[in-house]
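> Test case, fold it:
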Amino acid sequence: MIVNISSCSAEVASVNRGEYCVSKAGISMLTKLFAVRLASEGIRVYEVRPGVIRTDMTAGVSEKYDRLIAQGAFPIARWGTPEDVAKAVRTFCSEDFAYTTGSCIDVDGGFHIRTL
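Sure thing, here's the model as predicted:
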């Protein structure tokens, strides 16, 4: 089993971090390609796509994300945690998903949902 960790930036354009977005989109396609290529070998491949997770990486932009959370950009109005991501990985690693491959879980508080 392979579980790739990408980012909501695989789908959300961030002008100042274009190379980051492109690399995460690449992980998404890599997940799909490996899922097809490795299925016959019994190897399942998944993607976990974190959103705003409170880590050292996001410490420098915490005010920006605090503001977005307060403004309602995330249906689940809080920061994500590394534990939230780990639980998604654990879920894919269970046998509960034995008939799936190439799937993605967004761990982003609902940020990926388009709303009007």
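> what about the longest strand in this protein?
For the chain, the strand with the greatest residue count under DSSP state E is strand 45-50.
> ok, and for the helix or strand just after it, which residues are buried?
Per DSSP states H and E, the first helix or strand lying C-terminal to strand 45-50 is helix 62-70. Going by neighbour count (16 or more other CB atoms under 10 Å), the buried part of helix 62-70 is 65, 69. Glycine gets a C-beta too; all of them are placed from N, C-alpha and C.
> do the same with stretch 11-31
11, 21, 24, 25, 28, 31.
> Who are the contact partners of the third one?
In this structure, residue 24 makes contact with 6, 7, 9, 10, 49, judged by CB atoms under 8 Å, 6 or more residues apart in numbering.
> and what of the last one?
Listed by CB under 8 Å, 6+ apart, the contact set of residue 31 reads 2, 4, 6, 45, 46, 47, 102, 104.
> Can you report how many residues lie near residue 104?
Residues within reach of residue 104, counting by other CB atoms under 10 Å, total 19.
> ignore the last one, residue 61
Neighbour tally, residue 61, other CB under 10 Å: 11.
> The residue nearest the centre of the chain pairs with what?
In the chain, the residue lying closest to the centroid (CA atoms, centre = their mean) is residue 49, at 0.6 Å. Note on residue 49: beta-bridge partners residue 106, judged by DSSP bridges.
> Please state the offset of stretch 81-88 from the chain centre?
On the basis of CA atoms, centre = their mean, to the nearest Å, stretch 81-88 is displaced by 10 Å from the centre of the chain it belongs to.
> Without its sequence neighbours, what residue ends up closest to residue 65?
residue 52 (4.9 Å; CB to CB, 6 or more residues apart in numbering).
> now that neighbour: how far from residue 101?
Applying CB to CB, to the nearest Å, the value for residue 52 to residue 101 is 28 Å.
> one step back: what does the longest strand of the chain rub up against?
Applying CB under 8 Å, 6+ apart, the set of residues contacting strand 45-50 from outside is 1-8, 10-11, 24, 27-28, 31, 34-35, 38, 80, 84-85, 88-89, 92, 97, 100-108, 112.
> That'll do, ta.
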